[in-house]
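Colleague: Fold the stuff below for me.
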Amino acid sequence: MRTLQDSFTVTNEALFVSERSETAMRLYPAASYDVNLQLHAKQYFAGTIEERVPHSFAISNTRLLVRGISGITRVVEESTLRVDVQGNDRFLRWDGVSILPGETAIVSYTYKAPFVSPAFYELGPAKLTNNQADVAFEEPRTWQLASDAAGEVIMLWDPADGTIPAGWTCISCIA
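Modeller: You can find the predicted model right below:
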């Protein structure tokens, strides 16, 4: 059993705002999941974007984009991705990133957690470190993931709505 006590602060003064979307919180360990992390800048930033993931996760499809004020998105080819392992953590670090005020950096990747259930994992907190090695922004909390395979399931559905779902076996169908 896990319990969580948390708090947050609301302000109009934030120089950077993070937003995670299309990102799971509850995992089925056999599946892969996408992460979409947006970092909205209200001031100029030049340096490194960092995301922490568990070392046991398989990571693929890493990408960094910057969406400008006009809505035009560019791939940040001048930045380089480093993957550093420290203990039980893996750090995805994009060096050489620059973001203008009003732009949004979009970090995306796909992960596959180990087939362990139940389990609890954390992503982040994402961090922006400027070229002088000062932390310009750090997410106030981690993104929490619960892994719980349901095991064998009996599912009922209306056959008028279609056929047996892909990957499922009908145990009551008459041959």
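
Colleague: Where in the protein is the helix or strand with the lowest mean pLDDT?
Modeller: In the chain, no helix or strand scores lower on mean pLDDT, DSSP states H and E than strand 73-75, which sits at a mean of 70.

Colleague: And the next helix or strand past that one?
Modeller: Using DSSP states H and E, the helix or strand that follows strand 73-75 in sequence is strand 80-86.

Colleague: residues in contact with that following strand?
Modeller: Strand 80-86 has contacts (C-beta atoms under 8 Å, 6 or more residues apart in numbering) with 55, 59, 62, 64, 90, 91, 92, 93, 94, 95, 96. Quick note: C-beta positions are derived from backbone N, CA and C, even for glycine.

Colleague: Excluding residues flanking it in the chain, which one is nearest the residue nearest the centre of the chain?
Modeller: Nearest to the geometric centre of the chain sits residue 35, at 3.1 Å (C-alpha atoms, centre = their mean). Distance criterion C-beta to C-beta, 6 or more residues apart in numbering; nearest residue to residue 35, sequence neighbours excluded, is residue 23 at 5.0 Å.

Colleague: wait, doesn't that neighbour sit right on residue 38?
Modeller: No. Residue 23 is beyond contact range of residue 38, at 10.7 Å (criterion: C-beta atoms under 8 Å).

Colleague: Need the overlap of contacts for these two.
Modeller: Common neighbours of residue 23 and residue 38 (C-beta under 8 Å, 6+ apart) do not exist.

Colleague: which residues does residue 92 bridge with?
Modeller: With DSSP bridges as the criterion, residue 92 is bridged to residue 51, residue 83.

Colleague: So it sits against residue 51, correct?
Modeller: Yes. Counting by C-beta under 8 Å, residue 92 sits close enough to residue 51 to count as a contact (4.6 Å).

Colleague: where along the chain do the strands fall?
Modeller: Using DSSP state E, the strands of the chain run over 16-21, 26-27, 33-41, 45-54, 58-67, 73-75, 80-86, 89-99, 104-112, 119-123, 127-130, 135-138, 143-147.

Colleague: beta partners for residue 121?
Modeller: residue 145.

Colleague: That one and residue 127, how far apart?
Modeller: As judged by C-beta to C-beta, to the nearest Å, residue 121 and residue 127 stand 18 Å apart.

Colleague: low-scoring stretches of the protein, by residue?
Modeller: 1-2, 75-79, 150-165, 167, 169-175 (pLDDT under 70).

Colleague: So residue 62 is in contact with residue 92, correct?
Modeller: Yes. Using C-beta under 8 Å, residue 62 makes contact with residue 92 at a distance of 6.4 Å.

Colleague: Just want to know which of the two has more residues nearby.
Modeller: The residue with more neighbours, out of residue 62 and residue 92, is residue 92; 20 against 15, by other C-beta atoms under 10 Å.

Colleague: This completes my enquiry, with thanks.
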